[in-house]
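*Asks:* Need a 3D model of the following:
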Amino acid sequence: MKETVLSKNDRQFVESAIAEGLRVDGREFLDLRKIGIQFGDEWGHAEVTLGSTRVLAQTSCEVVAPSESRPTEGQIYYNVELSPMAAPSFEVGRPSALSVEVRRIVERGLKECKAVDCESLCIVAGEKVWAVRVDVHILNHGGNLVDAAALAALASVVHFKRPHVDVIGDDVTIHPVTEHVPDALSVHHRPVCVSFAYFGGGETLVDPTLQEEDVSTGTITVAMNAHREVCALHKVGGAALDPSAVLECIREATTKMQEISAVLDAAIEADANAREDKKFKRGPSLKKLKLINTSETASEDVGGAAAAALEEAERVKSSSSAGGGSTRAVVEAKGGGTATLFQGGSSSAWDEAEADVASGEA
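*Replies:* Modelled structure (predicted):
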């Protein structure tokens, strides 16, 4: 990898700012950059932004034979790719020292601490297991690749769902995701990486930028889960660090882990809601409820099955209006004892449905 050398003036500027307790981007020493997490249409497609750093992760799976030493466990692999698109210093054709380092930290934080239950990936012991592969692509390098890559890999794994499998006797049936609801991976816990850069004057700051990494004397990464368990601790070369400083980094990582986890949880919930809304945004569906002893003049004075029908109609109407957006419900009590409910659909489809009700064609 071709090193990008920071100019002498830029180096002095960053160093002097840090010595005065300032950061070039205006943050405090213990402030994170803005974190963004977006999921794609495919399961396991996650894109993470950490300031100007941008990382894409995609999880996939296939059925393979298990290893002889672990016949009842599936396999999971992590791969990190750096291309010149992310930074001019990255070369094509061979893994750089940085890509190997990032991959090792991601594996140490997610694989070695057994975040994913590999036994749940077994289909038939000794014959068939799932092999899960997580590909991490660095799209833009703005500093702190470790945290961004680890978060993208974690988000991709949590979001990913594999095809459902039925095993009946010796028959193994793998259902495509278009025909059967897929199964999520069994994730025991979610380790989050938090990186710190330290300097010769004793300053320590979280989430360093590319310039701050270049002028720092070393970095340290703490992987921690929601139970406040240290899953991994990785120090990348540099000068020696006092044990008290390491403990301080671990204490601060507890707070940052909670902040990052909250962003991840919110992104997962937003994606689930978006998929649910997309699932039910279809054309207007018609549901006719037969009402007994009802008329246009005495629709309120009903009993028995008619009252139950009207109660159901009002429930659908209230739940649809509470959902917001373009979802509406129309309840029309018709002479002849029929109530027609229209649910979902666009506003134009609703206008047509209401016209049909008014004309008595529904």
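*Asks:* Quick check, pLDDT for the spatially most central residue of the chain.
*Replies:* Taking CA atoms, centre = their mean, the centroid of the chain lies closest to Ala155, which sits 3.7 Å from it. Note for Ala155: predicted pLDDT of 96.
*Asks:* quick one: contacts for it?
*Replies:* 37, 39, 46, 48, 57, 264, 267-268 (CB atoms under 8 Å, 6 or more residues apart in numbering). (Each C-beta comes from the backbone N, C-alpha and C, glycine too.)
*Asks:* gap between it and Asp117?
*Replies:* Taking CB to CB, to the nearest Å as the measure, Ala155 falls 18 Å from Asp117.
*Asks:* Next up, phi/psi of Asp147, please.
*Replies:* With angles defined as degrees, to the nearest 10, Asp147 sits at phi -60, psi -40.
*Asks:* Use 469 as the first number for this chain going forward.
*Replies:* With 469 as the first residue, the last one maps to Asp615.
*Asks:* Bridge partners for Leu524, pull those for me.
*Replies:* Counting by DSSP bridges, Leu524 forms beta bridges with Glu515, His605.
*Asks:* Report pLDDT for it.
*Replies:* 95.
*Asks:* Doesn't the residue nearest to the centre of the chain belong to a helix?
*Replies:* Yes - assigned with DSSP: H, G, I helix; E, B strand; the rest coil, Ala623 falls within a helix.
*Asks:* Identify the residues contacting the closest residue to it other than its chain neighbours.
*Replies:* Nearest residue to Ala623 in three dimensions, chain neighbours excluded: Ala514, at 4.0 Å (CB to CB, 6 or more residues apart in numbering). Ala514 is in contact with 505-508, 524-526, 620, 623-624, 627, counting by CB under 8 Å, 6+ apart.
*Asks:* repeat that with 10 Å
*Replies:* 505-508, 523-527, 602, 604, 619-628, 732, 735-736, 739 (CB atoms under 10 Å, 6 or more residues apart in numbering).
*Asks:* Can you list the low-confidence ranges for the stretch 469-618 of the chain?
*Replies:* Where the stretch 469-618 of the chain drops to pLDDT under 70, the residues are 469-473, 561.
*Asks:* Just give me the neighbour total for Val625.
*Replies:* 23 (other CB atoms under 10 Å).
*Asks:* quick one: contacts for Ser588?
*Replies:* By CB under 10 Å, 6+ apart, Ser588 lies in contact with 541-542, 598, 630, 651-656.
*Asks:* Those, buried ones only, as a PyMOL selection?
*Replies:* Only the buried entries of the contacts of Ser588 go into this PyMOL selection, using 16 or more other CB atoms under 10 Å:
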select buried, resi 541+542+598+630+653
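*Asks:* Quickly check the contacts of Ser588 for the two that are furthest apart.
*Replies:* Spanning the widest gap among the contacts of Ser588 are Glu541 and Ala652, at 18.0 Å by CB to CB.
*Asks:* Go through the top helix by length along the chain and flag the buried ones.
*Replies:* In the chain, assigned by DSSP state H, the helix with the most residues is helix 711-748. Under the neighbour-count criterion of 16+ other CB under 10 Å, helix 711-748 has 714, 717-718, 720-721, 724-725, 728-729, 731-732, 735-736, 739 buried.
*Asks:* TSV please, covering those and showing distance to Ser475 and pLDDT.
*Replies:* Output for these, formatted as TSV (distance: CB to CB, whole Å; pLDDT from 0 to 100):
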residue	distance to Ser475	pLDDT
Val714	32	91
Cys717	30	93
Ile718	35	94
Glu720	31	95
Ala721	32	95
Lys724	31	95
Met725	35	95
Ile728	33	96
Ser729	38	95
Val731	34	95
Leu732	37	95
Ala735	38	95
Ile736	42	95
Asp739	42	94
